[in-house]
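Novice: sequence and predicted structure are below.
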Amino acid sequence: MPGAISTRADYQNWLARFLGLYQPLECSLAAFSEWNSLGLSMSARDHTSCLVDDLTALGIDPREPPRASQHLLPDLPSFAHALGALYVIEGATLGGRLILRDLEPRIGASIAGATRFFGGRGEAVGPMWQSFRSALDEFSLKQPQLCTDVVVGAERTFRSMLVWFAPFCAAKVGQS
């Protein structure tokens with residue numbers, strides 16, 4: 001994906017597309033009350049606000065981008081499934097910093113002040129990933145019978161991302 005972002009407009013479009021998926025997905029995840037039992041604060045893991053801030057800083061009204069419909073979101077009927085979905089989102093946070101390192105030398109000046117989403121959590125990204133991994137390990141030790149549901153939740157989330165981004169990526173390829 002980093003190579004697909006070569007201008008400020010590309011960057012805006014990618015952020016808008018991420019918002020379109022992350023906002024409804026994070027709302028679905030927030031509906032589960034079990035996060036605190038694993039010591040996971042969903043408000044500390046909020047990506048939607050970062051996307052909104054970045055788009056606003058770039059002059060884009062964050063209410064405008066289309067949102068993924070309910071049928072495009074992963075089916076997460078249980079907390080174990082939701083934990084799998086969060087695994088995907090948290091893992092993507094690690095990759096965001098790598099993407100930003102690639103983007104900044106090429107288009108950094110034009111996106112200055114709008115790097116919260118890809119910038120992850122700065123120096124906290126590693127410790128937050130470790131805290132998530134610890135919570136995931138704790139869950140799997142306490143409820144090993146639900147580990148398959150965690151994996152299914154992650155797979156469904158990856159699939160939803162692929163479906164959500166496929167038309168966007170195809171349009172970008174067609175513009176090349």
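Specialist: Structure received.

Novice: least confident secondary structure element in this protein?
Specialist: One helix or strand of the chain scores below all others by mean pLDDT, DSSP states H and E: helix 147-175, with a mean of 86.

Novice: ok now it, how far from the chain's centre?
Specialist: Put simply, helix 147-175 sits 11 Å off its chain's centre (C-alpha atoms, centre = their mean, to the nearest Å).

Novice: can you check stretch 145-156 too?
Specialist: Relative to the chain's own centre, stretch 145-156 is displaced by 18 Å; criterion: C-alpha atoms, centre = their mean.

Novice: buried sites along it?
Specialist: Leu146, Cys147, Asp149, Val150, Val152, Gly153, Ala154, Arg156 (16 or more other C-beta atoms under 10 Å). Using the backbone N, CA and C atoms, a C-beta is placed for each residue, glycine as well.

Novice: low-scoring pLDDT stretches of this protein, where are they?
Specialist: For the chain, residues meeting the criterion pLDDT under 70 lie at 1-3, 170-176.

Novice: just to check, Asp149 is in contact with His81?
Specialist: Yes: taking C-beta atoms under 8 Å as the definition, Asp149 is a contact partner of His81 at 5.3 Å.

Novice: about what we covered before: which helices and strands does the least confident helix or strand of the chain pack with?
Specialist: helix 8-30, helix 79-107, helix 125-142 (3 or more C-beta pairs under 8 Å, 6 or more residues apart in numbering; DSSP states H and E).
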